[in-house]
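Trainee: fold the following.
(one chain, ligands or ions: 2)
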Amino acid sequence: MICTIRRFLQQSFRKIWPWRQNAPDHLNFSFCFGDAAMNGKSNTHDGGCYCGAVRYRIQGVPDFSAHCHCRSCQLALGGAFVTWAKIPAGNFSVTKGKIKICEKTPGIRRGFCGDCGTTLTYAADHVVEGQDWSKDAWFTAVTLDDPTIVSPQNHVFVSHKQPWITLPEGAPAFDTF
Ligand SMILES: [Zn+2]
Ligand SMILES: [Zn+2]
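Mentor: Ligands and ions are numbered 1, 2, ... in the order given. Next comes the predicted model:
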């Protein structure tokens, strides 16, 4: 019902201001859930796998993102490198389907869609260089519906980087993490 009112108001505004794509922000009702157009203004962002069987939601914008060139990521994803992003673990939730886990190395869990194989998450039980990984939810940045909200900078594990990948001049690069 609220969505219908909002749509009516937006359509009315388009008639008054035809050059505007959307009504002014104060006509957007943030409690109108399920409307993808709301995501740009809200603090909630959705993502999911290639086939759509698994969907997830994050609260807020990732506070860190990096390109990982490690050999494990290369093989797990079938790509030369992967762009990871992280948010506090409590800000990540699966909203559809189930993430399947591959735990080849004990304590390191790579999550993927069991139907299409898209890698979605990475979790580790342990502390690495003073950082407790169990408090973070790591996920593949490109699986967000809007990957542009992520700002990856660092390249990590460049000691494993394929020789035919050339990093941009001056890009921050680290041999390990
Ligand atoms: Zn899938
Ligand atoms: Zn990696």
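
Trainee: what's the burial count for the closest residue to residue 105 other than its chain neighbours?
Mentor: Leaving aside its chain neighbours, residue 105 sits nearest to residue 72 (7.7 Å; criterion: C-beta to C-beta, 6 or more residues apart in numbering). Placement of C-beta: from N, CA and C, glycine included. Residue 72 has 16 neighbours, counted by other C-beta atoms under 10 Å.

Trainee: surely residue 72 is within a helix?
Mentor: Yes: judged by DSSP: H, G, I helix; E, B strand; the rest coil, residue 72 forms part of a helix.

Trainee: what's the separation between it and residue 159?
Mentor: The gap separating residue 72 from residue 159 is 13 Å, by C-beta to C-beta, to the nearest Å.

Trainee: what are the boundaries of the helices in the protein?
Mentor: 2-16, 71-77 (DSSP state H).

Trainee: quick one: which of these has the weakest pLDDT on average?
Mentor: Confidence, taken as mean pLDDT, is least for helix 2-16 of those (a mean of 43).

Trainee: quick check: residues of this structure near ligand 2?
Mentor: Residues of the chain lying near ligand 2 by C-beta under 5 Å from the ion: 68, 70, 73.

Trainee: let's have the residues you listed in TSV, adding neighbour count.
Mentor: Shown next, in TSV, are the residues of the chain next to ligand 2 (neighbours: other C-beta atoms under 10 Å):
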residue	neighbour count
68	23
70	18
73	24
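
Trainee: reformat these into TSV and put distance to residue 57 next to each item.
Mentor: Output for the residues of the chain next to ligand 2, formatted as TSV (distance: C-beta to C-beta, whole Å):
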residue	distance to residue 57
68	23
70	27
73	24
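
Trainee: which among those gets closest to residue 97?
Mentor: Distance to residue 97 across the residues of the chain next to ligand 2 (C-beta to C-beta) is lowest for residue 73, with 22.6 Å.
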